[in-house]
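**Student:** here is my input; please provide its structure:
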Amino acid sequence: MKQLEDKIKKIKRLQEIKKIVTTNSRPSFHNLDRKIEKYLNYDNGFFIEAGANNGYTQSNTFYYEYKRNWKGILIEPVLHNYKMCEYLRINSKVYNCALVSSSYQEKSIKMRYAGLMTIVDGALKSKKNDDFQIQKALKYENIEKSFDFEVEARTLNSILDECNVQKIDLLSLDVEGYEAQVLDGLDFNKYRPKFILIEARFKEEIEKIILPYYKLIEVLTNNWDHLYAAKWNGKLP
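**Tutor:** Got it, this is the predicted structure:
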């Protein structure tokens with residue numbers, strides 16, 4: 001009986017996913033998945049999306065998974081979003097954690113829930129800036145209330161080691177001001193994504209870390225979303 005119930009649940013899940021894909025396979029904000037496709041116009045790639053939300057809303061990788069046969073890793077700190085990622089993204093490995101720098105010593109990290117604008121506590125450099133972000137989310141995302149929570153802290157390197165990742169075509173990073181810390185947790189001599197798409201709040205901090213390995217090739221949206229291409233021996237691939 002349980003096997004039959006599980007089979008029915010699986011069929012229902014696949015039907016729901018198929019309906020979503022058929023309705024709109026490109027949910028990316030500002031058409032980012034379309035804008036990067038001229039650089040990533042091929043099948044069977046591998047992605048990492050940090051700040052994956054629910055796996056669909058504003059996802060930069062949903063299209064690649066279901067229309068270009070990519071596989072990848074999704075990283076999402078908010079528990080209910082993580083569970084949705086697991087449900088919707090059948091070809092992705094999903095982690096419920098927050099990414100941190102290589103120097104971060106604690107096992108967990110404090111975060112403040114704000115829907116798509118959820119932040120690491122202190123990520124925006126001051127409590128005033130953090131509070132402004134929270135209030136903006138409450139207003140524009142129709143969120144009833146914010147709340148603080150703690151989640152496991154991991155470096156991106158540790159996850160890639162665990163998954164035995166061999167190549168990365170795209171790293172999509174949308175972590176609301178914590179980008180430099182996340183990038184500091186990645187050894188670019190060991191793992192060098194072909195392209196990195198970053199919502200860059202603190203561009204100088206980010207480029208201090210990645211410019212020895214990457215070149216900015218395009219600003220995709222109003223000075224926010226930046227696409228960087230990896231350099232090998234000082235040259236673009």
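**Student:** report the contact partners of the most centrally placed residue in the chain.
**Tutor:** In the chain, the C-alpha nearest the mean C-alpha coordinate belongs to Ala50, at 2.2 Å (C-alpha atoms, centre = their mean). Each residue near Ala50 by C-beta atoms under 8 Å, 6 or more residues apart in numbering is listed here: 75, 99, 156, 171-175, 182. All C-beta atoms are positioned from the backbone trio N, CA, C, and that covers glycine.
**Student:** give me the subset of those residues lying in strands.
**Tutor:** 75, 99, 171-173 (DSSP state E).
**Student:** any idea how far the closest residue to the residue nearest to the centre of the chain other than its chain neighbours lies from Asn81?
**Tutor:** Of all residues not flanking Ala50 in the chain, Ile75 sits nearest, at 4.4 Å (C-beta to C-beta, 6 or more residues apart in numbering). For Ile75, the distance to Asn81 equals 11 Å [C-beta to C-beta, to the nearest Å].
**Student:** just Lys2 next, same as before
**Tutor:** Separation of Lys2 from Asn81 (C-beta to C-beta) stands at 28 Å.
**Student:** one more: Lys127?
**Tutor:** 24 Å.
**Student:** compare the two (neighbour count), which wins?
**Tutor:** Neighbour count, other C-beta atoms under 10 Å: between Lys127 and Asn81, Asn81 has more, with 23 against 10.
**Student:** which residues touch the more buried one?
**Tutor:** Contacts of Asn81 (C-beta under 8 Å, 6+ apart): 52-55.
**Student:** in what element of secondary structure is it found?
**Tutor:** Per DSSP states H and E, Asn81 falls inside helix 79-88.
**Student:** contact partners of whatever helix or strand comes next after that helix?
**Tutor:** Once the chain leaves helix 79-88, the next helix or strand it forms, by DSSP H and E, is strand 92-95. Strand 92-95 is contacted by residues 52, 55, 61, 65, 71-76, 82, 85-86, 154, 159, 163 when judged by C-beta under 8 Å, 6+ apart.
**Student:** how about the CA coordinates for strand 92-95, as CSV?
**Tutor:** In CSV, the C-alpha atoms belonging to strand 92-95 read as follows (Å, rounded to 0.1, in the frame of the first residue of the first chain):
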residue,chain,number,x,y,z
SER,A,92,19.5,19.3,-8.1
LYS,A,93,21.2,18.6,-4.8
VAL,A,94,19.7,21.0,-2.3
TYR,A,95,21.4,22.3,0.9
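**Student:** what sits closest to Phe147 if chain neighbours are left out?
**Tutor:** Tyr113 (5.0 Å).
**Student:** could you do Leu99 as well?
**Tutor:** Val182 (4.2 Å).
**Student:** which residues touch that neighbour?
**Tutor:** So Val182 contacts 50, 99-101, 156, 173, 175 (C-beta under 8 Å, 6+ apart).
**Student:** one more: Pro77?
**Tutor:** 96-98, 111, 118, 151.
**Student:** tell me the most packed of those residues, by neighbour count.
**Tutor:** Most neighbours among the contacts of Pro77, by other C-beta under 10 Å: Ala98, with 27 neighbours.
**Student:** doesn't Leu14 lie inside a strand?
**Tutor:** No. Leu14 sits outside any strand when classified using DSSP: H, G, I helix; E, B strand; the rest coil, being helix.
**Student:** what's the pLDDT at it?
**Tutor:** The score at Leu14 is 89. That number is its pLDDT.
**Student:** for it, give me its contacts.
**Tutor:** Per C-beta under 8 Å, 6+ apart, neighbours of Leu14: Ile90.
**Student:** hmm, which helix or strand of the chain has the shakiest average pLDDT?
**Tutor:** Least confident helix or strand, the chain: helix 2-23 with a mean of 87, by mean pLDDT, DSSP states H and E.
**Student:** thanks again, I'm all set now.
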